[in-house]
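Q: what would the 3D arrangement of this be:
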Amino acid sequence: MVQRFRRGFTSAEKTEMWDRWQRGESLSSIGRAFGKESSSIHFQISPYGGIRPAYRRRSRLALTLSEREAISRGLAADQSARSMARRLGRAPSTVSREIKRNGGYGRYRAARADEQAWDRACRPKRCKLANSPWLRQTVARKLRLLWSPEQIAGWLKRTYLGEERCQVSHEAIYRSLFVQARGVLKKELMSHLRSQRAMRRPGPKVWPREQIKDVVSISERPASVEDRAVPGHWEGDLLSGPNNSYIATLVERHTRYVMLVKVANKNTQTVISALIKQSKKLPNELYKSLTWDRGKELTDHRRFTLATDIDVYFCDPRSPWQRGSNENTNGLLRQYFPKGTDLSVYSQAQLNKVARQLNERPRKTLAFETPAERFNACVASIG
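A: Now for the predicted structure:
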């Protein structure tokens with residue numbers, strides 16, 4: 001049976017592999033980038049618990065390879081340790097110890113001595129939990145109570161204020177759990193973590209959102225909008241799908257009437273133009289305001305207001321419940337557009353058909369009237 005040669009990873013490839021892992025790429029994605037199975041990537045990452053090992057650097061005080069080569073040449077020329085040390089600018093004892101620990105005067109080799117020095121320098125410092133049985137037992141006890149590492153670290157800091165030996169960071173706890181080579185916290189304690197992952201999984205880097213100018217907060221919205229007493233106030237959002245596909249969803253707060261708008265992408269110019277076009281289909285009395293989240297697709301909201309005379313209000317950051325009707329409707333829409341559905345394949349006519357089906361479904365919150373019935377009554381009332 002012929003065995004295939006399997007090439008390992010070079011230092012540059014390992015660096016790129018950890019860069020990709022820290023960016024949040026999956027094992028299979030990293031494997032495809034290197035033309036390898038995901039198990040090969042797992043084999044490299046799992047011993048470290050998914051935590052990137054610190055980059056090793058030589059001490060600036062250590063002898064360099066060129067200095068060791070100078071020592072090797074000096075030995076071949078029968079020079080003394082003191083004369084070699086004087087030429088290198090080193091202490092004679094440094095040169096003497098270097099020669100003795102690497103074979104002596106007759107067997108010293110510069111390259112081999114340099115490799116052995118690098119190997120000997122690998123002496124990881126024992127972590128704080130390894131040096132303190134009391135701290136280690138305290139952390140383990142709290143983990144069994146389902147406390148998170150961050151909660152444990154915060155509690156220790158508050159309880160033992162000013163006592164550094166009784167405190168430990170949450171990062172040190174995570175490292176002691178995931179890097180089992182440390183031999184500090186038992187592996188079974190990982191089952192008490194909320195995620196119960198075998199490796200620490202970095203999330204994708206979150207960049208701060210672009211600031212939207214001239215935002216009018218939802219707190220400035222009139223009281224008549226808040227209590228849903230008056231029709232004409234809408235909530236909006238984008239329903240997303242793969243391949244950069246989106247649908248703008250609009251829900252009228254008083255009647256729960258739904259409109260769906262096809263958009264080519266989430267670029268603010270595209271979305272605003274589509275919303276302006278859609279607004280022309282309604283009487284002014286039934287489109288007085290629009291409430292949206294802080295998505296940058298509405299960065300150009302001032303153009304929308306100038307073109308339609310419709311006020312735009314923005315929810316507080318990370319507060320989707322402030323658009324409760326829209327969030328609920330988006331959940332209902334997933335019956336028609338399950339997650340993973342490419343939304344770009346649907347025409348506006350197909351979206352109108354889905355919206356009509358939703359608007360003709362009786363709603364408990366409307367005493368089992370339909371949104372269409374309520375909305376039509378509003379249209380009739382304004383003549």
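Q: quick one: low-confidence residue ranges for the stretch 251-383 of the chain.
A: 383 (pLDDT under 70).
Q: would you map the strands across it?
A: Along the stretch 251-383 of the chain, the segments classed as strands by DSSP state E, counting those that start in this stretch run 258-263, 289-292, 311-314.
Q: partners of the first one, with directions?
A: Put plainly, it is strand 258-263. Strand 258-263 has the following strand partners under DSSP bridges: strand 245-252 (antiparallel).
Q: which residues sit against the partner strand?
A: 231-241, 257-263, 265-266, 271, 274-275, 278, 286, 290, 325-326, 329-330, 333, 337, 342-344, 346, 351, 371, 375 (Cβ atoms under 8 Å, 6 or more residues apart in numbering). The C-beta positions use only the backbone N, C-alpha and C, and glycine is treated the same way.
Q: contact partners for the residue of the chain most remote from its centre?
A: The centre of the chain is farthest from one residue, D78, which by Cα atoms, centre = their mean lies 61.1 Å away. By Cβ under 8 Å, 6+ apart, D78 lies in contact with nothing.
Q: thinking again about what came up before, list only buried entries from the contacts of strand 245-252.
A: 231-239, 241, 257-263, 266, 271, 274-275, 278, 286, 290, 325-326, 329-330, 333, 337, 343-344, 346, 351, 371, 375 (16 or more other Cβ atoms under 10 Å).
Q: any regions of the stretch 1-150 of the chain where pLDDT drops low?
A: Answering for the stretch 1-150 of the chain: the residues below the bar, that is pLDDT under 70, span 1-7, 122-125.
Q: what residues go with each domain of this protein?
A: 11-48, 65-120, 128-192, 218-381 (automatic domain parsing).
Q: and the last one, end to end?
A: For domain 218-381, the separation between the terminal residues is 28 Å (Cα to Cα, to the nearest Å).
Q: off-centre distance for that domain?
A: 29 Å (Cα atoms, centre = their mean, to the nearest Å).
Q: repeat for the second one
A: Taking Cα atoms, centre = their mean, one finds domain 65-120 lying 49 Å from the centre of the chain it belongs to.
Q: that older thread, any chance of the domains of the chain in JSON lines, plus distance to S59?
A: Formatted as JSON lines, the domains of the chain follow (distance: least, Cβ to Cβ, whole Å):
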{"stretch": "domain 11-48", "distance to S59": "19"}
{"stretch": "domain 65-120", "distance to S59": "10"}
{"stretch": "domain 128-192", "distance to S59": "23"}
{"stretch": "domain 218-381", "distance to S59": "46"}
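Q: contacts for stretch 342-358?
A: Residues outside stretch 342-358 that contact it (Cβ under 8 Å, 6+ apart): 239-247, 258-262, 264, 329, 332-333, 336-337, 371-372.
Q: quote the end-to-end distance of stretch 282-296.
A: Using Cα to Cα, the end-to-end distance of stretch 282-296 comes out at 25 Å.
Q: sorry, slip of the keys, the one I care about is stretch 30-41.
A: By Cα to Cα, one end of stretch 30-41 lies 7 Å from the other end.
Q: give the buried residues for it.
A: Neighbour counts over stretch 30-41 (16+ other Cβ under 10 Å) mark 30-31, 36, 40-41 as buried.
Q: which of these sit farthest apart?
A: Within the buried residues of stretch 30-41, I30 and S40 form the most distant pair, 9.3 Å apart (Cβ to Cβ).
Q: which residues do those two both contact?
A: Joint contacts of I30 and S40 (Cβ under 8 Å, 6+ apart) do not exist.
Q: nearest approach to R82 belongs to which of the strands of the stretch 251-383 of the chain?
A: Each of the strands of the stretch 251-383 of the chain has some distance to R82 by Cβ to Cβ; the shortest is strand 311-314, at 77.2 Å.
Q: can you name every helix or strand that the closest one contacts?
A: Judged by 3 or more Cβ pairs under 8 Å, 6 or more residues apart in numbering; DSSP states H and E, strand 311-314 is in contact with strand 289-292, helix 301-308.
Q: if you set the cut-off to 10 Å instead, what comes out?
A: If you count contacts as 3 or more Cβ pairs under 10 Å, 6 or more residues apart in numbering; DSSP states H and E, strand 311-314 packs onto strand 233-241, strand 289-292, helix 301-308.
Q: name the surrounding residues that touch the shortest one.
A: Counting by Cβ atoms under 10 Å, 6 or more residues apart in numbering, strand 289-292 makes contact with 212, 216, 218, 221-222, 224-225, 232-238, 248, 250-251, 253, 271, 275, 279, 298, 301, 304-305, 308, 310-315, 322-323, 325-326, all of which sit outside it.
Q: swap the cut-off to 6 Å and go again
A: The contact list for strand 289-292 (Cβ atoms under 6 Å, 6 or more residues apart in numbering) reads 233-236, 298, 310-313, 323.
Q: CA atoms only: put it into PDB for me.
A: Listed next in PDB are the C-alpha coordinates belonging to strand 289-292 (Å, rounded to 0.1, in the frame of the first residue of the first chain):
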ATOM      1  CA  SER A 289     -44.800  59.100   9.600                       C
ATOM      2  CA  LEU A 290     -42.400  56.200   9.300                       C
ATOM      3  CA  THR A 291     -40.500  54.600  12.200                       C
ATOM      4  CA  TRP A 292     -37.300  52.700  11.400                       C
END
